[in-house]
Every structure is written in structure tokens, then in C-alpha cells.
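Undergrad: Model the following, please.
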Amino acid sequence: MAERSVHVIPLGYDNAVIAERIVAIVQPLANPVRRLKDEARRHNKLIDATNGHRTRSVIVTDSDHVVLSSLEPRRVLQRLGAPDGAQP
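TA: Alright, predicted model coming up:
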């Protein structure tokens, strides 16, 4: 049985997301992102990983889950190993 390595991105407060599942990392301020969060909440696909802190980035996964993070999008990209401004 072959072992498969999984790249896990820590989001703080003992929360993490699997890097290979990330589709987008966006800032939470735009109205389309707010609608995306509201729709995810209605479909029980919203995951709040902020531990009560301010939401600074919204992570969309390939399973249509929406993860709220207190990390800036740039910081999440750094943890993914992508240079500043580059897409993962």
C-alpha cells in the first residue's frame, strides 16, 4: 500500500486545511464573497476557523466548503509555499 503525503496548512487556533483541496483564497470584504459565505451557511458548508477573531480571508475548497480564517490571504499563501502575489 503506497503512502500518500498530505500538505496541511495551519490556520491557527489548532485549525488546518488540506492544501490540495484549496480552490481560492480571497478577502472577505467584497459583496460576492459575502453572498458566497451566506450561501455556504445556508447549505451547512461554512467552517469558521477564526476562533472568534476577525475574518481576514475566505478559503474556498473543491468540495464547495467555505473556510473563514483570521489569517491575511498573503499569510495563507506563504504557508502554502507560494511567493507573495503568486497563486498556489
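Undergrad: what about the longest helix in the protein?
TA: helix 31-42 (DSSP state H).
Undergrad: helices or strands next to that helix in the packing?
TA: Counting contacts by 3 or more CB pairs under 8 Å, 6 or more residues apart in numbering; DSSP states H and E, helix 31-42 packs against strand 57-61, strand 66-69. C-beta here means a position set from N, CA and C on the backbone, and glycine is covered the same way.
Undergrad: Partner strands of the first one, with direction?
TA: Yep, that's strand 57-61 we're talking about. Paired with strand 57-61 in the same sheet, following DSSP bridges, are strand 22-26 (antiparallel), strand 66-69 (antiparallel).
Undergrad: If you drop the residues flanking it in sequence, what lies closest to D64?
TA: Leaving aside its sequence neighbours, D64 sits nearest to K45 (CB to CB, 6 or more residues apart in numbering; 5.7 Å).
Undergrad: what sits against that neighbour?
TA: 63-66 (CB atoms under 8 Å, 6 or more residues apart in numbering).
Undergrad: same thing but 7 Å
TA: 64-66 (CB atoms under 7 Å, 6 or more residues apart in numbering).
Undergrad: Excluding chain neighbours, give the residue nearest to P73 in space.
TA: Per CB to CB, 6+ apart, closest to P73 is S57, 4.4 Å.
Undergrad: Right, I'll call it a day here.
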